[in-house]
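In: Below are the sequence and a predicted model; questions follow.
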Amino acid sequence: MAKRRYTVGIVGLGFGRAHIPAFQSQGCEVVAVCQRDQAKAREVAQRYGVPRTFERWEAMLEQARPDIVVIAAPPAVHHVIAVEALSVGAHVLCEKPMAMNAAEARAMTEAASRAGRVAMTCFNWRFPAAMQRLHAMADEGFLGRLFHVSARYLVPRWADESVKPTWRMDRAQAGHGVMGDLGVHLVDLIRWNFGEPVRVSASAGIAYPSRTVPGGERAADTEDFCTAMLELASGAQATLQVSRAARAANDQTLEAYGSLGALRYSIGRGRVGRWYRGELLAASATTGFEPVKVRAGLPRSAGEGDQIEVTGKATIGPLVKRFLAAIRKGQSASPSFEDGMRAQAVLDAVAASARGGGWVGVEGAPR
């Protein structure tokens, strides 16, 4: 029997555009896109063969009735869209950060449970082949007892003062700044690989205090760079460094050191070749760092297109494959809304520490 072809509606066409080729590559039919800028919506729809465009997400849910709703709009509307989509029977894939705060994320998680629908958070950076291999090695005990982890995620998008602000500079729409843009991915990778953070200490800054929110009525109020220390439930320490004002940088790294071994992971968008596989080095008690072979397990077409299309097919595509399998089996799948909620609690603690200083406990973490 042929597998059912699920229909998809996508709200938000910034990074949301990456989801179109991701779902299409997995055999889904993207039937609608939603964006307030209708000229942009029509342009994107024509490019990818999507039959319908909507200005309002409510109209998309009512008229297109997609099986799956992708939420890639600003975080301020994630909660309301997710709850409504779940209530009408759609499965939901929500971009990170999952919500404005952990309370909203918890309400979304509870709504998914009540609806009996599959709900996942788009932590797509779990899926490069090198990160998948790192996870397997850590899970198998390669590191021994973990001592410390260092992770960073740096991009140059707002390194220049002249770059126009977006909703990401407005805490009322974004909830968080670079920690919501980038840092939450590192939080998820640390949780997934090494366990729950229990308390954090952080410092953050704004690159250009003269920058305003869109419209110029007030100063931008979300962080552009942040350094955080996390204490894990195991007693290990993790340090995070994130920036969206790192000139010429566009990379993500994670290093972990334990009693038996060490792992070094890196991935950089725009590198030559199949950058989306990532790179992994490993060292044991008897060897220095040596390359670990990894296989992408993706068709060559995953590397075709512009950067956002490649990111979609190569890193969101494998997540979508897991999402569809969970729908067919009627099971939950990770990264779940629960994962998004727990990462959101860490973001809230980082923000509180950056505002007031000192160590801040993570809500709901094991004690």
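Out: Received it, and whenever you're ready, just let me know what you need.

In: make it CA atoms for all contacts and neighbour counts henceforth
Out: OK.

In: Could I get the full set of strands for the stretch 51-200 of the chain?
Out: 52-54, 68-71, 91-94, 119-121, 146-154, 197-205 (DSSP state E, counting those that start in this stretch).

In: Please identify which of these is closest to residue 253.
Out: Ranking those by their distance to residue 253 (criterion: C-alpha to C-alpha) puts strand 146-154 first, at 5.4 Å.

In: what are the pairing partners of that closest one, and which direction each?
Out: Using DSSP bridges, the neighbouring strands of strand 146-154 in the sheet come out as strand 237-243 (parallel), strand 251-258 (antiparallel).

In: can I get those strands in CSV with distance to residue 37, mean neighbour count and mean pLDDT?
Out: What follows is these, written out as CSV (distance: least, C-alpha to C-alpha, whole Å; neighbours: other C-alpha atoms under 10 Å; pLDDT from 0 to 100):
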stretch, distance to residue 37, mean neighbour count, mean pLDDT
strand 237-243, 28, 23, 98
strand 251-258, 31, 20, 97
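
In: Make JSON lines from the ones you listed and add distance to residue 60 to it.
Out: Rendered in JSON lines, the data for the strands paired with strand 146-154 read as follows (distance: least, C-alpha to C-alpha, whole Å):
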{"stretch": "strand 237-243", "distance to residue 60": "35"}
{"stretch": "strand 251-258", "distance to residue 60": "35"}
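
In: now the residue lying farthest from the centre of the chain: how far from residue 358?
Out: In the chain, the residue that sits farthest from the middle, by C-alpha atoms, centre = their mean, is residue 286; the gap is 35.9 Å. Spatial separation of residue 286 from residue 358 under the definition C-alpha to C-alpha, to the nearest Å is 39 Å.

In: check contacts around the residue nearest to the spatial centre of the chain.
Out: Closest to where the C-alpha atoms of the chain average out (C-alpha atoms, centre = their mean) is residue 123, at 3.7 Å. Under the criterion of C-alpha atoms under 8 Å, 6 or more residues apart in numbering, the contact partners of residue 123 comprise 95, 96, 185, 188, 335.

In: can you list those in a markdown table and add pLDDT?
Out: Rendered in a markdown table, the data for these read as follows (pLDDT from 0 to 100):
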| residue | pLDDT |
| --- | --- |
| 95 | 98 |
| 96 | 98 |
| 185 | 98 |
| 188 | 98 |
| 335 | 98 |
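
In: Would you map the helices across the stretch 201-350 of the chain?
Out: Residue ranges of the helices in the stretch 201-350 of the chain, as given by DSSP state H, counting those that start in this stretch, are 307-311, 317-329, 337-356.

In: Burial-wise, tell me which of those comes out on top.
Out: Across the helices of the stretch 201-350 of the chain, averaging neighbours per residue (mean count of other C-alpha atoms under 10 Å) puts helix 337-356 on top, at a mean of 23.

In: chain center to that helix, what's the gap?
Out: How far helix 337-356 lies from its chain's middle: 14 Å, per C-alpha atoms, centre = their mean, to the nearest Å.
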